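> Need a 3D model of the sequence below.
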Amino acid sequence: MFSALADPTRRALVRALGEGDATVGELASGFSVGVPAISKHLSVLEAAGLVSRHREAQWRRCRLEAQAFDRLQEWLQHYTALWQGSLDRLDEFLIRSPDEEARS
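Next up is the predicted model:
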């Protein structure tokens, strides 16, 4: 997921799809690259599970997959808690006076 989101164009596509489903052509109209390039970017996002495409008449509409972003948020929360705990312990260690360390 992080690899897919590393590209600024793909992040912009995710942002655009956050406003609602869109066709590849609709998405491409907001970028300076053509439909084939946008389609390739969408394929990367789709392979990462962040975007899905579904057929609607003769068009293929793209949509964000909320579950993928939920999993990403859970992962981030886990590591945020882990790092926060480590930083809190470091903060406590640094605040202790040398006298307290000697008595411990």
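
> Tell me the buried residues in the longest helix along the chain?
Scanning the chain for the longest helix, with DSSP state H as the assignment, gives helix 66-95. Residues of helix 66-95 classed as buried by neighbour count (16 or more other Cβ atoms under 10 Å): 68, 72. Glycine gets a C-beta too; all of them are placed from N, C-alpha and C.

> Check stretch 14-29 too.
14, 16, 17, 22, 23, 24, 27, 28.

> Now it - C-alpha only, PDB.
Taking Å, rounded to 0.1, in the frame of the first residue of the first chain, the C-alpha atoms of stretch 14-29 are listed here in PDB:
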ATOM      1  CA  VAL A  14      -7.000   8.800  -4.300                       C
ATOM      2  CA  ARG A  15      -7.800  12.300  -3.300                       C
ATOM      3  CA  ALA A  16     -10.000  12.700  -6.400                       C
ATOM      4  CA  LEU A  17     -11.800   9.400  -5.800                       C
ATOM      5  CA  GLY A  18     -12.400  10.500  -2.300                       C
ATOM      6  CA  GLU A  19     -15.000  12.900  -3.700                       C
ATOM      7  CA  GLY A  20     -16.800  10.000  -5.500                       C
ATOM      8  CA  ASP A  21     -16.600   7.300  -8.100                       C
ATOM      9  CA  ALA A  22     -15.200   8.400 -11.500                       C
ATOM     10  CA  THR A  23     -14.300   6.900 -14.900                       C
ATOM     11  CA  VAL A  24     -10.700   6.800 -16.000                       C
ATOM     12  CA  GLY A  25     -11.500   9.600 -18.500                       C
ATOM     13  CA  GLU A  26     -13.000  11.800 -15.900                       C
ATOM     14  CA  LEU A  27     -10.000  11.300 -13.700                       C
ATOM     15  CA  ALA A  28      -7.500  11.900 -16.500                       C
ATOM     16  CA  SER A  29      -9.200  15.200 -17.300                       C
END
